[in-house]
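A.B. asks: below: sequence and its predicted model.
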Amino acid sequence: MVLDNYKAYIRRNPDAPDVKTTRASILTARLRAAILRGDLKPGQKVNLDRLREEYNVSLSPLREAISRLSIDGLVHTQDQRGSTIAPLTLCELSEIGRLRREVDVLALRTAMARGGTAWRSELRATAVELHTASQSTEADHFDEIWSIAHTDFHKALVNGSHMPMLIAFCMNLHDLHDRYRRQLSPPIRSYSDLWREHAEIASCILNGDTDVAALALQRHFDKEIASLAEQLESAA
């Protein structure tokens, strides 16, 4: 049974968290979760009638949700040809990696300059949450638990920048990246090792070492993208 944690998949401005969640936003979050997990497969045709029945919604919010996910790059839509779930490609994966090295690092540097005590507390809390997730014994839902905690951590890294457009772009790149991670083979390294890598990044940030923190984050992205690219090439 899949955990229905759709709230974890709603992307909104952290400086305006109390915006009303519409039916289209909830549906977008549920479809985003299904795409990231691989319930909706890369390259799969989007069947509006089947999704309308499965999610018990009308066509209007469904079309709006598909449109939003198309803007995010998770769905490809062509006039007169309908929509498909975006495929996994080496070209896209490489671009995601290059962008994250620049965009997320810019957001992190800005956050370290602008973020205050509340931001550092949020970062510390998400690091603890990620450690707890790495130790979870819920085998059936482990990847979902880890993924949500992992997303919260990376969201916290950039939230302190207080730049809504930049944060939104970072989180969109995170989702695109995370889809590859979740649908390719499990990592060779243990999740405890992965948590320690994230803990090192958090430690550098909390110690105020901006250049060292930026380098640690870049290395983290490089290592993950290289591993995913190798897996994707092997599966081709």
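C.D. replies: Perfect, thanks for sending it.

A.B. asks: rest of the way, CA atoms for contacts and neighbours
C.D. replies: Fine.

A.B. asks: just after the helix or strand where residue 27 lies, pick out the following helix or strand.
C.D. replies: Here residue 27, judged by DSSP states H and E, is contained in helix 23-37. Where DSSP H and E defines the elements, the next helix or strand beyond helix 23-37 is helix 48-55.

A.B. asks: dihedrals phi and psi, residue 76?
C.D. replies: When quoted as degrees, to the nearest 10, the phi and psi of residue 76 stand at phi -110, psi 130.

A.B. asks: pull the number of nearby residues for it.
C.D. replies: 20 (other C-alpha atoms under 10 Å).

A.B. asks: can you check the one 3 residues further on too?
C.D. replies: Other residues near residue 79 come to 6 when the count uses other C-alpha under 10 Å.

A.B. asks: state the pLDDT value of it.
C.D. replies: Residue 79 is assigned 75 on the pLDDT scale.

A.B. asks: for residue 186, same thing?
C.D. replies: Model confidence at residue 186 (pLDDT) stands at 64.

A.B. asks: same question for residue 8.
C.D. replies: At residue 8, pLDDT is 83.

A.B. asks: count the neighbours of it for me.
C.D. replies: So residue 8, with other C-alpha under 10 Å, has 15 neighbours.

A.B. asks: enumerate every residue touching it.
C.D. replies: Applying C-alpha atoms under 8 Å, 6 or more residues apart in numbering to residue 8 gives the contacts 29, 148.

A.B. asks: phi, psi of it?
C.D. replies: phi -70, psi -10.

A.B. asks: just how off-centre is the helix holding residue 27 within its chain?
C.D. replies: In terms of C-alpha atoms, centre = their mean, to the nearest Å, the centre of helix 23-37 is set 13 Å apart from its chain centre.

A.B. asks: buried residues in it?
C.D. replies: 24-33, 35-37 (16 or more other C-alpha atoms under 10 Å).

A.B. asks: for residue 76, state which of the residues you listed is nearest.
C.D. replies: residue 35 (12.3 Å; C-alpha to C-alpha).

A.B. asks: mind listing what the closest one touches?
C.D. replies: Counted by C-alpha under 8 Å, 6+ apart, residue 35 has contacts 41-42, 74, 85, 179.
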